[in-house]
Every structure is written in C-alpha cells, then in structure tokens.
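**Student:** Sharing a sequence plus its predicted fold:
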Amino acid sequence: MTSPRDSDAKKRGCSLYLVRHAIAAERGDKWPDDTRRPLTQKGRARMREGVRGLQALGVQLDLVLTSPLVRARQTAEILVAELDSSPDLEVTDTLAPDQKPADVASAIAGHVGCNAIALVGHEPDLGELAAWLIGAKAPLEFRKGGVCLIEAPVVPPGRNCHLIWFATPKMLRGLGK
C-alpha cells in the first residue's frame, strides 16, 4: 500500500543527470573481457575536471546509479568523490549495455524521494534513454564524459520529461576552470 507521503514524493519528480563513462582503455587483446576495461589516466583526469564544471553549475546529487562495467563504476566513483554533495553510489544491472529505457525508468522508481540522481552508463543506451525520456525520435549522442540534465515531473519517469541542458566534456571542463 502506498502512503500519502510516497504519493507526494512521486508528484515531486526529480532531476536526472545522464553521464556517459569517461575515456576507457581501447578494446583489444589487452582487454578481451569488455566488462573489465578501465578508465585511462587521461579519462580519470578529464572526468575530474568535468566534475568541477558540474560543481560550477551547482549540481548536487543525492544518488549515483551506475552500470556494473568497470569503466562506468570508475566514472561514478569520481563523481561521488569529487562532488561536495557526497551522493550515495549504487551499482545496477539496469544500466549495463542493451537494457530497455522503460526498465531504467522502473529502477528509478525505487528511489522515490531523491531530488537528483545521476545515471552513469554507456552509448548507445544513454542516448536512447534520453530520447525515450523526452519523447524524441532519434537518440542523443553522448561523448565520453558528456552529461545531460533531464527533469522528470514524476517518479518513475516516463516519456514526458524535459531536456534542460546537454554538455560536452569540453564544455564541462571549461566551466570548471
């Protein structure tokens, strides 16, 4: 049974920050298991600079949900470590590659009451999720370390959300200087 308080939280909606993982090691013989490919040193450094840009924009997160793949988890860990809001971190299979946008939205439903959630994942899935959330016909294209802000009027989010901004990693790094 849903309490009136839960119902009020659903009406509030939330801010969703979709974050593509940072620059990772190249696929190949060194990393035959794609799930284990880590971020490069350059990827880590650029992500830290990008997070400073998010801070300059006033981003405060309650929660970071991340794909279980190493490169996404490492990106999420940088977000958590570098943001002043010190959000909680949760690994979820619903952000692994080849998941349906509706399944991701359902997973967000388990976090009613969070005002701001980052979803760290992969392309083309994040682009498809963003398009699904805002009712677009074509996926948005995320660069490695790119972030967009989508406002969801209700939780769980549906196809009635609003794209507020979409920043490339270079834009974020520039804001963080």
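**Tutor:** Right, received. Where do you want to start?
**Student:** Please work out which helix or strand belonging to this structure has the smallest mean pLDDT.
**Tutor:** In the chain, no helix or strand scores lower on mean pLDDT, DSSP states H and E than helix 4-12, which sits at a mean of 48.
**Student:** hey, where'd the strands end up in this protein?
**Tutor:** 14-20, 63-66, 88-91, 116-121, 147-152, 162-167 (DSSP state E).
**Student:** Of those, which is nearest residue 131?
**Tutor:** strand 162-167 (9.6 Å; C-beta to C-beta). All C-beta atoms are positioned from the backbone trio N, CA, C, and that covers glycine.
**Student:** Run through the bridge partners of the spatially most central residue of the chain.
**Tutor:** Nearest residue to the geometric centre of the chain (C-alpha atoms, centre = their mean): residue 119, 2.4 Å. Beta bridges link residue 119 to residue 18, residue 65, judged by DSSP bridges.
**Student:** Would you mind measuring from it to residue 27?
**Tutor:** For residue 119, the distance to residue 27 equals 23 Å [C-beta to C-beta, to the nearest Å].
**Student:** Ok, residue 137 next?
**Tutor:** With C-beta to C-beta as the criterion, residue 137 and residue 27 are 30 Å apart.
**Student:** Neighbour count: those two, which is higher?
**Tutor:** residue 27 (10 against 5; other C-beta atoms under 10 Å).
**Student:** residues in contact with that one?
**Tutor:** 34, 37 (C-beta atoms under 8 Å, 6 or more residues apart in numbering).
**Student:** Pass me the low-pLDDT residue ranges in the protein, would you?
**Tutor:** Within the chain, the ranges that satisfy pLDDT under 70 run 1-11.
**Student:** Identify the single longest helix in it, thanks.
**Tutor:** helix 41-56 (DSSP state H).
**Student:** That one to strand 147-152, inter-axis angle?
**Tutor:** 40 degrees (axes from the mean of the first three to the mean of the last three C-alpha atoms, to 10 degrees).
**Student:** Now residue 102. Nearest residue, chain neighbours left out?
**Tutor:** Taking C-beta to C-beta, 6 or more residues apart in numbering, and ignoring the residues beside it in sequence, residue 102 has residue 132 as its nearest neighbour in space, at 7.5 Å.
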